[in-house]
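Visitor: Sequence and computational prediction follow.
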Amino acid sequence: MTGHTSPQRPQSLTGRVAIVTGAGKGLGRAYALQLAAAGASVLVNNRSHAGQPSSADAVVAEIQQRGGQAQASYCSVEDPASGEQMVAEAMEHFGQLDIVLANAGVDRPQTFHKQAWSDFDEIFAINFHGTARLLHAAWPLLRSRGYGRLLVSTSTAGLYGNHGQAAYAASKAALLGLMRSLAIEGRSHGLLINALAPYAMTPLTAPWFPEQQAARFTPEPVAELATALLAESCTLTGQCIIAGANALRIAEVRESGSLVAGEHASNLLAKLADLECHLPQESATAEFAAFIRAL
């Protein structure tokens, strides 16, 4: 699914409370500003660095100057207590929680054989565990209220892989499995969750963008879509959406029909690529049942 126009503006988020991680700059800043502009109170999370001005404070000040409500959070998503801490901060300052946008992420491009395990582990700790901790802390609260809108930041590297990005791609792919499982668990409790794979020019992605494309790939169109995905009116769940420069695509997992072994395995493998693929069932359990039925 593709398009070339901006998504419609979502309904007001007045009265909603959101947590946005990695919100000190780039896409995270754009997300926080857009959610606040739509009326949400925003917990702006970005880890602080000793002796340096806080980027979270700067974004909070910007929101407040525009008449919005925001509060800074300084914990690092690497901290095992970070998820519980951010949920507690949202409750302390705003009295509730409705929206979670897990955006914090890092990449240190390097080929797998050269990358130290400590770097690989740290990338996973931030990109995957940092997100999972926050979702795990927020999930029971949102489930008890019967309402929640959640969005995780993935990447096309997680969908397709990329040279020199094994750790980054693996961590972003892991988020897709987490998101799709939570979509199944949350649907009947009013919790909807999706993943967004953005194309936007930010400090993290600048090395990947041709300079002449910078003006087209600003964070704002992606932030507008994110806000729509986090609105009460959104009914999508369990989806991965690719977005950038006012264009949208949906990315889906597909599976081919079965070839039943009756000849040498190498012959079957040669034929697999020619099989037509179809959309899978709504869960791994249902897909396994369909696999059995096809035998």
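Guide: It's in. Numbering: from 1, shown residues only.
Visitor: got the contact list for Gln172?
Guide: Just so we're on the same page, residue 172 is Lys rather than Gln. 105, 127, 154-155, 157-158, 197 (CB atoms under 8 Å, 6 or more residues apart in numbering). (Each C-beta comes from the backbone N, C-alpha and C, glycine too.)
Visitor: so of those, which ones are in strands?
Guide: Among the contacts of Lys172, the members found in strands (DSSP state E) are Ala197.
Visitor: For Gly83, state which of the contacts of Lys172 is nearest.
Guide: Nearest to Gly83 among those: Asn127, at 14.3 Å, using CB to CB.
Visitor: so what pLDDT did the closest one get?
Guide: If you check Asn127, the pLDDT there is 97.
Visitor: if you skip the residues just before and after it, what's nearest to it?
Guide: Distance criterion CB to CB, 6 or more residues apart in numbering; nearest residue to Asn127, sequence neighbours excluded, is Ser171 at 3.7 Å.
Visitor: so which helix or strand takes in that neighbour?
Guide: helix 166-186 (DSSP states H and E).
Visitor: In that helix, which residues are buried?
Guide: Residues of helix 166-186 classed as buried by neighbour count (16 or more other CB atoms under 10 Å): 166-176, 178-180, 182-184, 186.
Visitor: For the helix or strand bottoming out on mean pLDDT in the chain, give me every contacting residue.
Guide: Every helix and strand in the chain was compared by mean pLDDT, DSSP states H and E; the lowest is helix 284-293, with a mean of 76. Contacts to helix 284-293, defined as CB under 8 Å, 6+ apart, come from residues 255, 258, 280-281.
Visitor: For the residues you listed, give me a markdown table that also has distance to Val222, neighbour count and secondary structure.
Guide: As requested, the contacts of helix 284-293 are exported to a markdown table (distance: CB to CB, whole Å; neighbours: other CB atoms under 10 Å; DSSP: H, G, I helix; E, B strand; the rest coil):
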| residue | distance to Val222 | neighbour count | secondary structure |
| --- | --- | --- | --- |
| Glu255 | 29 | 14 | strand |
| Ser258 | 39 | 13 | coil |
| Pro280 | 27 | 15 | coil |
| Gln281 | 30 | 14 | coil |
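Visitor: now, the most widely separated pair of the residues you listed?
Guide: Ser258 and Gln281 (14.0 Å).
Visitor: thinking again about what came up before, how far does the helix holding Ser171 sit from its chain's centre?
Guide: Computed by CA atoms, centre = their mean, to the nearest Å, the separation of helix 166-186 from the middle of its chain amounts to 9 Å.
Visitor: returning to that earlier point: could you list which of the contacts of Lys172 belong to helices?
Guide: Within those, residues falling in helices by DSSP state H are 157-158.
Visitor: Max pairwise distance over the contacts of Lys172: which two?
Guide: Farthest pair in the contacts of Lys172, by CB to CB: Asn127 and Ala197, 13.0 Å.
Visitor: Point out where the stretch 151-295 of the chain drops to low pLDDT.
Guide: 262-263, 291-292, 295 (pLDDT under 70).
Visitor: ok, Phe209 touching Thr202?
Guide: No: Phe209 is beyond contact range of Thr202, at 9.2 Å (criterion: CB atoms under 8 Å).
Visitor: what residue ranges in the stretch 1-150 of the chain score low on pLDDT?
Guide: Using pLDDT under 70, the stretch 1-150 of the chain drops low at 1-11, 50-51.
Visitor: Show me the helices in it, by range?
Guide: For the stretch 1-150 of the chain, the helices defined by DSSP state H, counting those that start in this stretch occupy 26-37, 55-65, 82-94, 117-124, 130-145.
Visitor: With distance to Leu13 added, can I get the ones you listed in a markdown table?
Guide: Below are the helices of the stretch 1-150 of the chain laid out as a markdown table (distance: least, CB to CB, whole Å):
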| stretch | distance to Leu13 |
| --- | --- |
| helix 26-37 | 6 |
| helix 55-65 | 13 |
| helix 82-94 | 13 |
| helix 117-124 | 32 |
| helix 130-145 | 15 |
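Visitor: Nearest to Asn46 among those would be which one?
Guide: Of all the helices of the stretch 1-150 of the chain, helix 55-65 comes closest under CB to CB, at 4.1 Å.
Visitor: buried sites along the closest one?
Guide: 55-60, 62-63.
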